[in-house]
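J.: After the sequence you'll find the predicted model.
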Amino acid sequence: LLGAPTTSGAGPYTHTFEPSADSPSVTLESGFTDISRFHVFNGIKVNRFSATFEVDTELTAEIDLLGGKELASSGTTLDASPVEQTITRFNAKNVTLKEAGSPLAICKSVTVNIDQGLADDVFTLNSGGFRYSLPEGKMMISGTANLLFLDSTYPDKAIAGTETSLEIECTQGAHTLTITLPEVKFKRKPITRDGWGPMYFEMEWKAYYQNNAAGVPITVELVNDVTDYA
């Protein structure tokens, strides 16, 4: 989604991802090992990415892919001995949302959406019916935060167009994943009530770059035991 990171440290390692001029493509293979048929897809890029961090549910991410070409199936795999990747799973209790650098204790859920805006209609006369290219468009970053409504602090920030920052931090032992959005504004929305009980305010937000020190609308810092992602 964001290209190769800048890596530092000597274990644990810190990998910093930022938007770059273009995103890399990969080759994916779907294997049906019981019948020895393998399908290969070339030029795959991440078009859209969304993640949901919510109390009492499993943390999930959805990745929308676009590719250039699907090859005819084959009886031979690209890799007969693939390495299975192990993961350290984050849970809802491991998540902290910060607004303007301070932990936000009234958040029930937060989502992040990143849209690359890949152009999916770049076909040429000599491309054999396949996409010739998947150029990036304007990256759009948005999301929502479902907040317990205790006062009008955040609706007022939306009305005033106040610029702020958001940070989503997941921590599991020595491993962390931190999504930082240096420049964010909230969208004006009505406050609604559905029956009795606690009131929540769904705050929509959009991130952008104007003049923050990082020079980008989003940074993702991953701390783990992986040496590099070259």
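T.: Nice, thanks for sending it over.
J.: Next SSE downstream of the helix or strand of the chain with the lowest mean pLDDT?
T.: None of the helices or strands of the chain scores lower by mean pLDDT, DSSP states H and E than strand 69-70, at a mean of 88. Downstream of strand 69-70, the next assigned helix or strand under DSSP states H and E is strand 95-99.
J.: Adjacent strands (with direction) for that following strand?
T.: strand 102-103 (antiparallel), strand 164-172 (antiparallel) (DSSP bridges).
J.: Which pLDDT value goes with residue 6?
T.: Looking at residue 6, its pLDDT reads 92.
J.: need the contact list for it.
T.: By CB atoms under 8 Å, 6 or more residues apart in numbering, residue 6 lies in contact with 15-16, 18. To be clear about C-beta, it is placed using only N, CA and C from the backbone, and glycine gets the same treatment.
J.: Next SSE downstream of whichever strand in the chain runs longest?
T.: Using DSSP state E, we find that the single longest strand of the chain is strand 37-54. On the C-terminal side of strand 37-54, the closest following helix or strand by DSSP H and E is strand 60-66.
J.: Mind pulling up the pLDDT for the nearest residue to residue 164 once chain neighbours are set aside?
T.: Of all residues not flanking residue 164 in the chain, residue 100 sits nearest, at 5.0 Å (CB to CB, 6 or more residues apart in numbering). As predicted, residue 100 sits at a pLDDT of 93.
J.: Okay, the residue lying closest to residue 168 once chain neighbours are set aside and residue 44: tell me how far apart.
T.: Excluding its sequence neighbours, the residue lying closest to residue 168 (CB to CB, 6+ apart) is residue 179, at 4.4 Å. Applying CB to CB, to the nearest Å, the value for residue 179 to residue 44 is 23 Å.
J.: Over to residue 176?
T.: The value you get for residue 176 to residue 44, if CB to CB is used, is 28 Å.
J.: ok, back up a step: the longest strand of the chain: how far from the chain's middle?
T.: With CA atoms, centre = their mean, to the nearest Å as the basis, strand 37-54 stands 12 Å off its chain's centre.
J.: and if you look at stretch 79-98?
T.: 14 Å.
J.: swap in stretch 101-114?
T.: 14 Å.
J.: Would you mark the buried spots in that stretch?
T.: Using 16 or more other CB atoms under 10 Å as the test for burial, stretch 101-114 gives 104, 106-114.
J.: Repeat that for stretch 55-71.
T.: Buried residues in stretch 55-71 (16+ other CB under 10 Å): 66-69.
J.: Also stretch 145-163?
T.: 145-147, 149, 154-155, 157-158, 163.
J.: Also stretch 15-23?
T.: Buried residues in stretch 15-23 (16+ other CB under 10 Å): 15-19, 23.
J.: Which ones among these map onto helices?
T.: Among these, no member falls in helices (criterion: DSSP state H).
J.: what's the angle between the longest strand of the chain and strand 60-66?
T.: Orientation note: strand 37-54 sits at an angle of 140 degrees relative to strand 60-66 (axes from the mean of the first three to the mean of the last three CA atoms, to 10 degrees).
J.: and strand 37-54, which residues are buried?
T.: Residues of strand 37-54 classed as buried by neighbour count (16+ other CB under 10 Å): 38, 40-41, 43-54.
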